[in-house]
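Novice: the amino acid sequence is not available; the structure is as follows:
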Ligand SMILES: Nc1nc2c(ncn2[C@@H]2O[C@H](COP(=O)(O)OP(=O)(O)OP(=O)(O)O)[C@@H](O)[C@H]2O)c(=O)[nH]1
Ligand SMILES: [Mg+2]
């Protein structure tokens, strides 16, 4: 498996030409997007990870096996980003969502949290553009029975808001669990 950093876009005009299918990773700031991309590709430090929420404020494109892109979309919902940042995030997202090359959205969610209105709205808008799969992150923080219960709760909450899921995954980038199932859904060979 070959994965290389391609480019980053902070605004619509910087988005790269559409050349390959794209798997887009989206979720709240700090949910574990960069960690998951690194874990899936078995690269340390390919996608930058950080303890500081809101660090990744650009859409980062990684070419995988010269056959598709992983797109690390900027985290949303970081409390300290003001209106201006939100408007910039929104306009980048609007431009990104218009790309017909999006093969799937991976909607990352920390299952310890409940979804709010903004989360439902974003998940719904994405699911109307391309298939959307739920990826529950940091599952090492929950017991198996808690996880089962949280998965049921989150899936039914999304469903009741009109969000159709293409799949659900429970992963831990830390413990490297749940990764093979997700790789399979993405057609990604084991590293
Ligand atoms: N326990 C645990 N912690 C994790 C896991 N994945 C990520 N983290 C931690 O969560 C924090 C955020 O991880 P990132 O991968 O940088 O999250 P992100 O979604 O890319 O964050 P932004 O780019 O800032 O939006 C880091 O401190 C990680 O070490 C996991 O599977 N388990
Ligand atoms: Mg990140």
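Specialist: Great, that's in hand. Only a predicted model underlies this, so the values are computations on that prediction, with no experimental measurement involved. Ligands and ions are numbered 1, 2, ... in the order given.
Novice: so who does the residue most central in space within the chain touch?
Specialist: The chain has residue 25 as the residue nearest its centroid, 2.3 Å off, counting by CA atoms, centre = their mean. When contacts are counted by CB atoms under 8 Å, 6 or more residues apart in numbering, residue 25 touches 33, 36-37, 70-73, 106, 108. Heads up, the C-betas are built off the backbone N, CA and C, glycines and all.
Novice: from the chain's centroid, how far away is the helix or strand bottoming out on mean pLDDT in the chain?
Specialist: Here the helix or strand of the chain ranked lowest by mean pLDDT, DSSP states H and E is helix 83-97, holding a mean of 82. Taking CA atoms, centre = their mean, to the nearest Å, one finds the center of helix 83-97 at 16 Å from the center of the full chain.
Novice: ok, now stretch 119-127?
Specialist: 12 Å.
Novice: which outside residues touch that stretch?
Specialist: Residues outside stretch 119-127 that contact it (CB under 8 Å, 6+ apart): 26, 28, 76-77, 97, 105, 107, 109, 115, 132, 157-158, 161-165.
Novice: and ligand 1, is that stretch touching that?
Specialist: No - Stretch 119-127 stays clear of ligand 1 (CB under 6 Å from any ligand atom), getting no nearer than 13.8 Å.
Novice: just the buried residues of that stretch, please?
Specialist: Neighbour counts using 16 or more other CB atoms under 10 Å place 119-120, 122-123, 126-127 of stretch 119-127 among the buried residues.
Novice: packing partners of the lengthiest helix in the chain?
Specialist: What stands out as the longest helix in the chain, according to DSSP state H, is helix 144-160. Here helix 144-160 touches helix 117-127, strand 132-136, strand 167-170, going by 3 or more CB pairs under 8 Å, 6 or more residues apart in numbering; DSSP states H and E.
Novice: relative to residue 32, how far out is residue 102?
Specialist: Remark: distance between residue 102 and residue 32 (CB to CB, to the nearest Å) = 21 Å.
Novice: which one's more surrounded, those two?
Specialist: residue 32 (24 against 20; other CB atoms under 10 Å).
Novice: check what pLDDT the nearest residue to that one once chain neighbours are set aside gets.
Specialist: With sequence-adjacent residues excluded and distances taken as CB to CB, 6 or more residues apart in numbering, residue 32 is closest to residue 137, at 4.0 Å. Looking at residue 137, its pLDDT is 98.
Novice: what is the burial count for residue 137?
Specialist: The number of residues near residue 137, taken as other CB under 10 Å, comes to 26.
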